[in-house]
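[1] how would this look folded up:
(one chain, ligands or ions: 2)
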Amino acid sequence: MSNPRVLPADSGLAEAASVLRTGGLVAFPTETVYGLGANALDARAAARIFAAKERPSFDPLITHLADAADLEKLVGSVPPAVVALAARFWPGPLTLIVDRPAAIPPIVTSGLETMAVRVPDNDHARELIAAAGVPVAAPSANRFGQLSPTRAEHVVRGLGAAVDVVLDGGPTRCGIESTIVDARGGRPVVLRLGALPVEALEEVAGPVTVRPGSSGQPVAPGTLAAHYAPRTPLRVVSGAEPPPADGVRRGFLAFRDRPAAGYVAVEVLSAAGDLTEAAARLFDALHRLDATGVEEILVEPVPDIGVGRAVNDRLRRAAATWHPAG
Ligand code: TXA
Ligand code: MG
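    Ligands and ions are numbered 1, 2, ... in the order given. All right, here's what the predicted structure looks like:
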């Protein structure tokens with residue numbers, strides 16, 4: 001597999017913007033995970049995203065804007081609750097559902113009449129989108145169903161030359177994807193738990209409904225039961241018990257305390273017990289455990305509050321692909 005061009009996020013920005021403008025694919029850092037970007041006004045460019053990711057065409061993309069003020073320029077007027085959430089949380093890890101404007105080709109939204117949109121809180125990302133001069137459709141820059149990328153090297157390893165340029169802006173700050181909310185009417189619905197905690201949302205929007213993940217034809221396929229999965233079988237366990245003495249080489253992903261001896265590889269998400277730090281390190285730690293060649297990864301859940309809910313959601317989905325040996 002040949003490699004994409006990897007450019008530093010500052011000096012490579014102008015070139016990356018021109019690749020976007022001319023229909024190419026650019027992976028770029030956001031505050032959540034790396035995105036695989038294409039010009040959202042260009043159906044052919046958007047189609048290349050689905051091919052590069054081997055992503056099913058029923059899984060719609062998120063459109064990224066440089067500035068909150070660009071929303072109404074693109075979409076026209078939006079419901080007051082959407083305006084309020086955007087005003088409070090953009091730039092930031094919140095994706096909002098709006099009506100799809102005619103300028104956005106249906107392939108971007110997988111034929112839905114709605115569109116997911118956000119303004120990322122990362123200077124390189126916003127400068128890139130502004131320099132490209134177009135809205136940028138971008139899912140996470142990984143192959144469908146696999147671990148999300150929080151570093152440029154994860155993108156290179158996962159997508160190779162399927163992407164034209166990777167802008168390297170270092171590790172991402174939040175480490176898990178944005179929270180997706182439909183606030184178009186009535187009580188807001190969280191379609192995907194993410195880096196913006198539900199508690200923060202509720203301070204602005206009042207009580208919200210968290211839609212439990214569904215399988216089949218989901219509203220937000222980031223909520224497919226099996227998703228975000230390492231290659232190694234992963235199992236969620238209740239705590240750091242010593243592993244059975246059965247000769248299986250196991251890794252352990254711990255929240256704050258190192259487990260008892262017996263694991264070949266151990267990653268601790270946050271020795272200080274900080275959920276934000278744990279979220280930021282989650283996918284990176286899973287990428288590293290995956291690379292050790294262990295036969296199974298055991299994981300303990302983190303406290304189920306704040307961004308910890310989104311971390312546990314990712315762990316459950318990563319574990320959904322676990323196949324018992326034999
Ligand atoms: O943090 C993020 O959101 C990252 C960065 C790159 O911005 N992007 C991301 O994209 O996580 P992706 O494609 O991995 O997940 C996008 C999710 C999908 O599950 C998709 O189904 C959902 O957003 N989505 C997109 N458009 C939607 C719509 N109109 N209604 C409901 N869900 C939608
Ligand atoms: Mg994704």
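[2] So the residue lying farthest from the centre of the chain: helix, strand or coil?
    What lies farthest from the middle of the chain is residue 245; by Cα atoms, centre = their mean that is 36.2 Å. At residue 245 the chain is in coil, as set by DSSP: H, G, I helix; E, B strand; the rest coil.
[3] do the same with residue 128
    Going by three-state DSSP, the secondary structure assigned to residue 128 is helix.
[4] in terms of contact, does it touch residue 13 like I think?
    Yes - counting by Cβ atoms under 8 Å, residue 128 sits close enough to residue 13 to count as a contact (5.8 Å). All C-beta spots, glycine's among them, are computed from the backbone N, C-alpha and C.
[5] Tell me which of the two has more neighbours.
    Shown here are residue 128 and residue 13; by other Cβ atoms under 10 Å, residue 128 has more neighbours (29 against 22).
[6] All the helices of the stretch 51-200 of the chain, residue numbers only.
    Taking DSSP state H, counting those that start in this stretch as the test, the helices found in the stretch 51-200 of the chain are 70-75, 80-89, 123-132, 152-159, 198-205.
[7] Distance to residue 182 and mean pLDDT for the ones you listed - can I get that in CSV?
    Shown next, in CSV, are these (distance: least, Cβ to Cβ, whole Å; pLDDT from 0 to 100):
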stretch, distance to residue 182, mean pLDDT
helix 70-75, 14, 97
helix 80-89, 9, 97
helix 123-132, 23, 98
helix 152-159, 29, 96
helix 198-205, 11, 96
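[8] got those as TSV, with distance to ligand 1 columns?
    Below are the helices of the stretch 51-200 of the chain laid out as TSV (distance: least, Cβ to the nearest ligand atom, whole Å):
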stretch	distance to ligand 1
helix 70-75	12
helix 80-89	13
helix 123-132	8
helix 152-159	11
helix 198-205	15
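[9] CSV for these, including distance to residue 117?
    Listed next are those as CSV, based on distance: least, Cβ to Cβ, whole Å:
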stretch, distance to residue 117
helix 70-75, 7
helix 80-89, 9
helix 123-132, 12
helix 152-159, 22
helix 198-205, 16
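[10] residues shared between the contacts of residue 128 and residue 13?
    Common neighbours of residue 128 and residue 13, using Cβ atoms under 8 Å, 6 or more residues apart in numbering, are residue 167.
[11] so where's the stretch 1-150 of the chain shaky on pLDDT?
    Residue ranges of the stretch 1-150 of the chain with pLDDT under 70: 1.
[12] Ligand 1 contacts on that one?
    Contact residues (Cβ under 6 Å from any ligand atom) of the stretch 1-150 of the chain with ligand 1: 30, 32-33, 35, 59-62, 93, 95, 97, 109, 112, 114-116, 120, 138-140.
[13] Which among the residues you listed count as buried?
    The neighbour count (16 or more other Cβ atoms under 10 Å) marks 30, 32-33, 35, 59-62, 93, 95, 97, 109, 115-116, 120, 138-140 as buried among those.
[14] In strands only, show me those residues.
    Among these, DSSP state E puts 35, 62, 95, 97, 115, 116 in strands.
[15] In three-state terms, how would the residue lying closest to residue 255 once chain neighbours are set aside be classified?
    Nearest residue to residue 255 in three dimensions, chain neighbours excluded: residue 302, at 4.7 Å (Cβ to Cβ, 6 or more residues apart in numbering). Following three-state DSSP, we place residue 302 in the coil state.
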